[in-house]
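Q: Please work out how this folds:
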Amino acid sequence: MSTITVNKKSVFEVESTADGLLVDGKNFQWDIAQLADGYFHILHNRKSYKAEVVKSDRIAKTFTIKINNHLHTVEVKDKFDQLLEKLGMSSHAAGKVNTVKAPMPGLILDIKVKAGDVVKANDPLLILEAMKMENVLKSPGEGTIKSVTVQKGDKVEKNHVLVEFQ
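A: Numbers count the residues shown, from 1 in each chain. Take a look at the predicted model:
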């Protein structure tokens, strides 16, 4: 069973069965046809709806859908997400990185960021020389730099914290 939240207000329990969809324990009768990639035509209770998937973030399980020219934000939580939430964790927090550590001993050759910088996934953070090779350490995700704990020329050991995120 999944929990679907629409526009951060309406919450529905949705379950897929052999007979179709159950929404809040009731059979949901609809006819849906895909017109093109991301475009659909829906019939429900003798009413016709045009639907378009405007934005899709499958990792965060959030979607922006336009139905008859009205935008709706949809968040999906499956059984795993619900269990993590009950345990006081969330799948989004589980993937959040708070620090970047040295993967091996080495020498800091260059620093590409400073406190307050906003970075995206794979943006270069610094260059670490190890075993006569230059290694560009990149951001594991999006975030704001809280602090850079090293300076150019510093020698670091494996697992030394190099960058902290907010």
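Q: for the residue lying closest to Thr62 once chain neighbours are set aside, what are its contacts?
A: Closest residue in space to Thr62, ignoring its immediate chain neighbours: Glu75 at 5.0 Å, by Cβ to Cβ, 6 or more residues apart in numbering. The way it works is simple: take the backbone N, C-alpha and C, and place the C-beta from them, glycine included. Each residue near Glu75 by Cβ atoms under 8 Å, 6 or more residues apart in numbering is listed here: Ile4, Thr5, Lys8, Lys61, Thr62, Phe63.
Q: Let's see that with 10 Å instead.
A: Neighbouring residues of Glu75 by Cβ atoms under 10 Å, 6 or more residues apart in numbering: 3-8, 11, 57, 60-63, 81.
Q: One more: Thr99?
A: By Cβ under 10 Å, 6+ apart, Thr99 lies in contact with Pro140, Lys146, Ser147, Thr149, Asn159, Val161, Leu162, Val163, Glu164, Phe165.
Q: Return the member of those residues nearest to Leu22.
A: Leu22 lies nearest to Pro140 out of those, by Cβ to Cβ, at 38.7 Å.
Q: Please state the mean pLDDT value computed over the helix or strand harbouring Glu134.
A: Applying DSSP states H and E as the criterion places Glu134 in strand 133-138. If you average the pLDDT over strand 133-138, you get 93.
Q: Thanks a lot, see you next time.
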